[in-house]
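>>> with the sequence up front, the predicted model follows.
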Amino acid sequence: MGREHWKRIWIGSAGNMVEWYDWFVYASFATYFAGAFFPDGNPTAQLMNTAGIFAVGFFMRPVGGWLLGRVGDRRGRKAALTLTVTLMSASAVLIAIAPTYGVAGYGGVLVLLVARLLQGLSVGGEYAASATYLTEATDPKRRGFASSFQYVSMTAGQIVGLGLQIVLQRTLSDDALHSYGWRIPFVVGALGAAVVFYLRRNMLETEVYEADETGGEERGTLRALWRHKREAFLVIALTMGGTVAYYTYTTYLTKYLSNSAGLSKETATLVSFTALIVFACLQPLAGRLSDRIGRRPLLITFAVGSTFLTVPIMTMLKNAGSFWPALGLSLLALVVVTGYTSINACVKAELFPTGVRALGVALPYAIANALFGGTAEYVALWFRDAGAESGFYWYVAGCAAVSLVVYLTMRETRDLDLTRMTASETSTLTTAS
């Protein structure tokens, strides 16, 4: 890839990193601010309330997917990417200044809720705009490699958030973190978003989008998407297992190690931080592999591994007891998940023609995340509070099994020409050859 291609990937990824830094910081710092917005009581109940607001953000994602997907298809990928980072910056500022329960009662919860709704709106469009941009902005023979940087940037955002958490844990007392220290990462997120906004204002549009002259007034509309309803349902089904597994081993992992495995918050954070660094490095390698052997082999490997290994991995994690066993098991889980994360962005983008690609990725993916990804942590805490935590392990494995059926029956997408896709071509992608 030439210098210009790398520049596009860098700008798209940098914005994605800030978006997901803000998104994940909410989850990783929830143990510190959960008690600030709700009355004193059961710590698990406070976390469940906070996780509930986290899940609400996911239910705004389909709205963001529709709205910003439409913008991406009608106004361009650049316009959608600039708008998403603006919304994310606003939400970070709101969380940073939200009043606590002691100051404003449930008024602070309302501010927190509005911020999460804005984040959901933003990320609902960010994923699709970023996936579409990264897939279109590179050599067709390297689409898997290029699009893998979406999860590199997403994971990098979480790594930065966890790294900042480690620094704050070592420089501030536990009382200070619960009192005001949890606000610091949201201030950092708002500043980062401002920088990325400037970068995205000067980014270049993709040649694939600029060369496309099809669709007319129906670009990015629900009517146009309905002509590709089979592909839309395919996106929902193939996302189901991957998104549950991803959020289980990333956003929920730190809480699980702390609350269920009995590790200290500091040790649990360090395990997640270290595992995610390795996970980020794996993404381009797996993406490049998919350019050579195809997307389906990696997706199938993920689904088989997640279906049969989730229960033993989660069970052993609960009894890990110390840093190294917990790290080893976490890495094993994330290696399995890499089969999905490294290529799912380009697979979804490869299913749709240019005039409806952003919306086609955004809306069904956001629906799948609202139903499965956003609720994963809440479902896990519900099982734990009910005294049947192992039920969650089987839930994750079951979702992966459903996606496995989809991966086995869908066709390969690696060699599709994004500039010449027609409705008849895309309609054949739901059946394996």
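On my side now, so go ahead.

>>> ok, residue 214 touching residue 419?
No: with contact defined as Cβ atoms under 8 Å, residue 214 does not count as touching residue 419 (10.3 Å). (Glycine included, C-beta is placed from N, CA and C.)

>>> what's the closest non-adjacent residue to residue 211?
residue 419 (6.4 Å; Cβ to Cβ, 6 or more residues apart in numbering).

>>> so that neighbour touches residue 212, yeah?
Yes: between residue 419 and residue 212 there is a contact under Cβ under 8 Å: 7.3 Å.

>>> more crowded one of the two?
Taking other Cβ atoms under 10 Å, residue 419 and residue 212 do not tie; residue 212 has more neighbours (19 against 13).

>>> and the gap between the more buried one and residue 132?
12 Å (Cβ to Cβ, to the nearest Å).

>>> three-state assignment of the residue nearest to residue 211?
coil (DSSP: H, G, I helix; E, B strand; the rest coil).

>>> still on that earlier bit, what's the overlap in contacts for residue 419 and residue 212?
Here residue 419 and residue 212 share the contacting residues residue 354, scored by Cβ atoms under 8 Å, 6 or more residues apart in numbering.

>>> so residue 295 versus residue 212, what's the distance?
The value you get for residue 295 to residue 212, if Cβ to Cβ is used, is 23 Å.

>>> any regions of this structure where pLDDT drops low?
Along the chain, segments meeting pLDDT under 70 span 1-2, 39-49, 51, 54-55, 215, 420-433.

>>> so where do the strands sit in the stretch 151-300 of the chain?
With DSSP state E, counting those that start in this stretch as the criterion, the stretch 151-300 of the chain has no strands.

>>> contacting residues for the residue nearest to residue 286 when sequence neighbours are not counted?
Distances taken as Cβ to Cβ, 6+ apart put residue 342 closest to residue 286, at 3.6 Å, once the chain neighbours are dropped. Residues in contact with residue 342, defined by Cβ under 8 Å, 6+ apart, are 144, 148, 151, 282-287, 290, 298.

>>> please pick the buried ones from the residues you listed.
Buried members of the contacts of residue 342, counted by 16 or more other Cβ atoms under 10 Å: 144, 148, 151, 282-284, 286-287, 290, 298.

>>> which ones among the residues you listed are found in helices?
144, 151, 282-284, 286-287, 290, 298 (DSSP state H).

>>> please convert those to a markdown table, extending it with distance to residue 350.
Formatted as a markdown table, those follow (distance: Cβ to Cβ, whole Å):
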| residue | distance to residue 350 |
| --- | --- |
| 144 | 10 |
| 151 | 16 |
| 282 | 21 |
| 283 | 17 |
| 284 | 18 |
| 286 | 16 |
| 287 | 13 |
| 290 | 11 |
| 298 | 14 |
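
>>> count the residues that sit near residue 220.
26.

>>> so how far is residue 65 from it?
From residue 220 to residue 65 the distance is 11 Å (Cβ to Cβ).

>>> where do the contact lists of those two overlap?
Common contacts of residue 220 and residue 65 (Cβ under 8 Å, 6+ apart): residue 359.

>>> now do the same contact list for the nearest residue to residue 222 once chain neighbours are set aside.
In this structure, residue 222 finds its nearest non-sequential neighbour in residue 66, 7.4 Å apart by Cβ to Cβ, 6+ apart. Applying Cβ under 8 Å, 6+ apart to residue 66 gives the contacts 222, 359, 362-363, 366.
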